[in-house]
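make a model of this:
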Amino acid sequence: MSRYFLFGTLLWDALRADVAGGPVDCVPARLDGWQVERAAAGDWPVLVPGTGAGGQLTDTLGSEAKARLDWYETAFGYVPEAVTVTGPDGPVAALVYREAEGGGGAGLPWDLATWQATHGARTRLAAAEVMRARGKVTPAQIAARRGVIQARAHAIASNRTYRRPITQGTDTGADAVRVSRVDYPYEGFHRVEEWHLDHPRFDGGRSGTIQRAISHVVDAATVLPYDPVRDRVLVVDQIRVGALAKGDPLPWMIEPVAGLIDAGETPEQSALRELEEEAGLKIDAQALVFVARYYPSPGGLAQVLHSFVALCDLPDDAVGLHGVADEDEDIRVRLMPLDDLVAMVATGEAANAPLIVSAQWLALHRATLRG
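Residues are numbered from 1 along each chain as shown. Prediction:
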């Protein structure tokens, strides 16, 4: 049996072709006794008992297309189940992907167009990474890193819609770069990419094909809490393996509160969540002050940081130990006068970009913030 009844995200022709490795012809069909609802756990479709589900019935699939579809759905916790559907010519035996373990439906309809508008661009980017992993890892391994795959895709999709102001420098667009291929020698929590590209030169010629390797990291939000009445800041102290890997004899670092931006989050939402997780602070979104949106090192690191200052009350008891246990975080929260932090920048004790950027921004804007 190699025909499938599709009722959810794979009704989208483009995503279905991405997953199957090429176009898949379908005809309208109906699965009686079931209906499609939004999942109780999130915005994806599930089958629940009901009056009937409309969908598409694939033509007979070749072994490669079938294997690709099975891999993709299995990686997201769906398994094929034999059913009988009604197609244009009557009853047809088919397979349908059902959640192996799920929380059921939310009692709300699920709509493909609405889902596409919110999740479509991110999902296609994430699907590409999932499909590259086929034959290299297990479905369980993909499931374990699904969050970071989605977050990385979310960051790329978000950055594609952002155009920073250009008053100085080169305004040549990305479409002037000819990319011949991108290789992915490693994909995990981080992703290593080898780009083969040809770009326009300042002398009017072209570079010819060159190769550049980068580490692709999920975008992050950083937030430095500042008490303008007491003129002091809250910082976190934790071990950083990046410093350890560079041979730094002091791998524990003072930093702002920071964390990766989850799929579907805004930088502001991420900053507020991380404040609570890492420092135990709950503040209103209005207390966040934007500092900068920047690449920490664009020559070799594909990541954007969104830095904020949080105006808040920082009493003496704001210190302590924090962190999310499931993420193996071990964080000490410290308080210090802003003058001490600025001095750390001058002496080199402040040794990471978000801390330096945020401290210098605060030094420039302290008088305004203190009123």
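
give me the pLDDT for Gly42.
Gly42 is assigned a predicted lDDT (pLDDT) of 88.

any idea how far Gly105 is from it?
11 Å (Cβ to Cβ, to the nearest Å). For glycine as for every other residue, the C-beta is placed from the backbone atoms N, C-alpha and C.

cool, and Val182?
In terms of Cβ to Cβ, Val182 sits 39 Å off from Gly105.

quick one, which of those two is more surrounded?
Neighbour count, other Cβ atoms under 10 Å: between Val182 and Gly105, Gly105 has more, with 21 against 11.

you'd agree the more buried one is up against Pro49?
No: applying Cβ atoms under 8 Å as the test, Gly105 and Pro49 come out as separate, 9.4 Å apart.

report the central residue of the protein.
Ala151 (1.0 Å; Cα atoms, centre = their mean).

and the host helix or strand of that one, what's its mean pLDDT?
Assigned by DSSP states H and E, Ala151 falls within helix 146-160. Mean per-residue pLDDT for helix 146-160: 97.

continuing past it, what's the next helix or strand?
Next in sequence after helix 146-160, counting helices and strands by DSSP H and E, comes strand 178-187.

direction included, what does that following strand pair up with?
Take DSSP bridges as the rule and strand 178-187 pairs in its sheet with strand 191-198 (antiparallel).

average pLDDT for whichever helix or strand comes after the partner strand, rounded please.
Toward the C-terminus, strand 191-198 is succeeded by strand 210-216 as the next helix or strand (DSSP H and E). Mean pLDDT, computed over strand 210-216, is 98.

how close does the residue nearest to the centre of the chain get to Arg366?
Ala151 is 34 Å from Arg366, by Cβ to Cβ.

beta partners of Thr222?
Beta bridges link Thr222 to Ala258, Ser307 when assigned by DSSP bridges.

run through the strands of the stretch 251-371 of the chain in chain order.
Secondary structure of the stretch 251-371 of the chain, counting by DSSP state E, counting those that start in this stretch: strands at 252-255, 257-260, 288-294, 301-302, 305-311, 320-322, 331-337.

lowest-confidence stretch among these?
Looking at the strands of the stretch 251-371 of the chain, the lowest mean pLDDT belongs to strand 320-322 (a mean of 81).

off-centre distance for it?
27 Å (Cα atoms, centre = their mean, to the nearest Å).

do the same with stretch 311-322
When distances are taken as Cα atoms, centre = their mean, stretch 311-322 is centred 29 Å away from the chain's centroid.
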